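**Q** Whatever this is, show me its structure:
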Amino acid sequence: MKVLVLGLGLQGRAVIHDLSQSDSIEAIIGADMDTGAAEAFLQRGRYPKVRLQKIDARKKDDLVALMRSTGAAIAVCMLPTFLAHTVAEACIAVGIPFVNTSYAHWVADLDGQARENGITILPEMGMDPGIDLFLGALAVRGLDTVHGLYSYGLGVPEPAAADNALKYKITWTLEGVLNAYRRPARILKDGQTVEIPGTQIFRPENIHTIAVDGLGEMEAYPNGDALEFIQRFGLGAELRDMARFAARWPGHCAFWRVMADLGLLEDEPLQFLVCHLAPRLQYRDNERDVAVLRVQSWGVKDGVKKRLTYEVIDYRDLETGLFAMNRTVGFTASIATQMVLAGEIRRPGVLSPIVDVPAERVLAQLEDRGIHVSRRVEDLS
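**A** Numbers count the residues shown, from 1 in each chain. The predicted model follows:
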């Protein structure tokens, strides 16, 4: 089978690497407007199945023509999120499945059209969203009654590489990082909805610390809208607390709180920061990042109060050069792609990882790739 991978950035290259290891994949077509970085990546490894092609993915007709000319059995979209809808439309027109790593709302309106045409549209198959949703589904199913659900996402340099003033380096676009630093958040606290403006997510009252094995204490701050997942996880009126957090090395939040208070995360200064900081926040070839996802649920199981903690942790692979962030995002998308091709995921329409994808199967596949998954149960009685 042939796979079309659209988008050849860091995460797209991880998809190509993982697909290349599969005996069931005979050819991989990697496409983007700029193929230069991907060409350099391919030259460092053994990727005989891969060929590259330039395309402007903003043009649906060009996408349709590429899909038809290559005979691809599926398309994996690793392009910027705003292009997901166009790619998914092209997949429906051609009659092939679509997989990507962005939130479902980018393609949600295509559900009816995909169902009518018998096409699987599978978004949210990355790290966050993606692995976090699998862990959340397991954490919820592990309790009879859920009182709380927290998730944490962490992507930072390991201690030896955290050697700049921010103790932070880039494994995806800095613009994306800084845009997330001004995104408002919604959480559920003691049964009440709390709205946190984007300019206030780094305030002390919104920060707490967590301990991560091998890393120590990390700062956690609110990350986006957690309340939209209450219904998606099927949680009931017994839920009292729910939030999504990102985590960084201590001191990160205080720095960015000052930057936000000074207005330096507004549009124009943000673009200056991207241009100025991006070259200064790069990893050296011998430095590793670490990616962690943790989901905790607490409530009642068989009449006993329990807390469940699921965690995924990974480090950069220096042999391939792939960052932990690339591996957790790209490998998950590749696993999903292979499951669709194998018929393990076959329902048409816009699907959800929470209910339409076997979480245990994906996590086992990640373990096979050296991405560690753990589970801990604590008695709170």
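**Q** now the strands for the stretch 101-250 of the chain?
**A** Along the stretch 101-250 of the chain, counting by DSSP state E, counting those that start in this stretch, strands occupy 120-122, 145-157, 185-189, 192-196, 208-212, 216-222, 241-248.
**Q** how about the longest one: buried residues?
**A** What it means is strand 145-157. Using 16 or more other Cβ atoms under 10 Å as the test for burial, strand 145-157 gives 146, 147, 148, 149, 150, 151, 152, 153, 154, 155, 156, 157. For every residue, glycine as well, the C-beta is placed using N, CA and C.
**Q** Let me know whether the last one touches residue 171 as I believe.
**A** So the one you mean is residue 157. No. Residue 157 lies out of contact with residue 171 (Cβ atoms under 8 Å); the separation is 9.1 Å.
**Q** Would you mind grabbing the residues shared as contacts by these two?
**A** 283, 289 (Cβ atoms under 8 Å, 6 or more residues apart in numbering).
**Q** May I have the distance across stretch 245-257, first residue to last?
**A** Stretch 245-257 has an end-to-end distance of 16 Å (criterion: Cα to Cα, to the nearest Å).
**Q** before we move on, the earlier item: out of the buried residues of strand 145-157, which comes closest to residue 380?
**A** Nearest to residue 380 out of those is residue 147 (Cβ to Cβ; 9.8 Å).
**Q** Tell me what the nearest residue to that closest one once chain neighbours are set aside is bridged to.
**A** Nearest residue to residue 147, sequence neighbours excluded (Cβ to Cβ, 6 or more residues apart in numbering): residue 299, at 4.2 Å. Under the criterion DSSP bridges, residue 299 forms beta bridges with residue 146, residue 306.
**Q** Report the buried residues of stretch 44-61.
**A** 47, 49, 50, 52, 55, 57.
**Q** Can you tell me what sits against it?
**A** 6-8, 16-17, 19-20, 25-35, 38-39, 42, 62-63, 66, 70, 79, 83, 86-87, 89-90, 93, 320-321.
**Q** Buried subset of those residues as a PyMOL selection?
**A** Of the contacts of stretch 44-61, the buried ones go into a single PyMOL selection, burial set by 16+ other Cβ under 10 Å:
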select buried, resi 6+7+8+16+17+19+20+25+27+28+29+30+31+32+35+38+42+63+66+70+79+83+86+87+89+90+93+321
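**Q** and the contacts of stretch 44-61, which of them are in strands?
**A** 6, 27, 28, 29, 30, 31, 32 (DSSP state E).
**Q** now those in a markdown table, with pLDDT and distance to residue 379?
**A** Formatted as a markdown table, the ones in strands among the contacts of stretch 44-61 follow (pLDDT from 0 to 100; distance: Cβ to Cβ, whole Å):
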| residue | pLDDT | distance to residue 379 |
| --- | --- | --- |
| 6 | 98 | 48 |
| 27 | 98 | 52 |
| 28 | 98 | 48 |
| 29 | 98 | 52 |
| 30 | 98 | 50 |
| 31 | 98 | 52 |
| 32 | 97 | 51 |
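**Q** from these, which two are the most distant?
**A** Farthest-apart pair in these is 27 and 32; separation 17.0 Å (Cβ to Cβ).
**Q** just the strands of the stretch 101-250 of the chain: most buried one?
**A** Comparing the strands of the stretch 101-250 of the chain by mean neighbour count (mean count of other Cβ atoms under 10 Å), strand 120-122 ranks first with a mean of 25.
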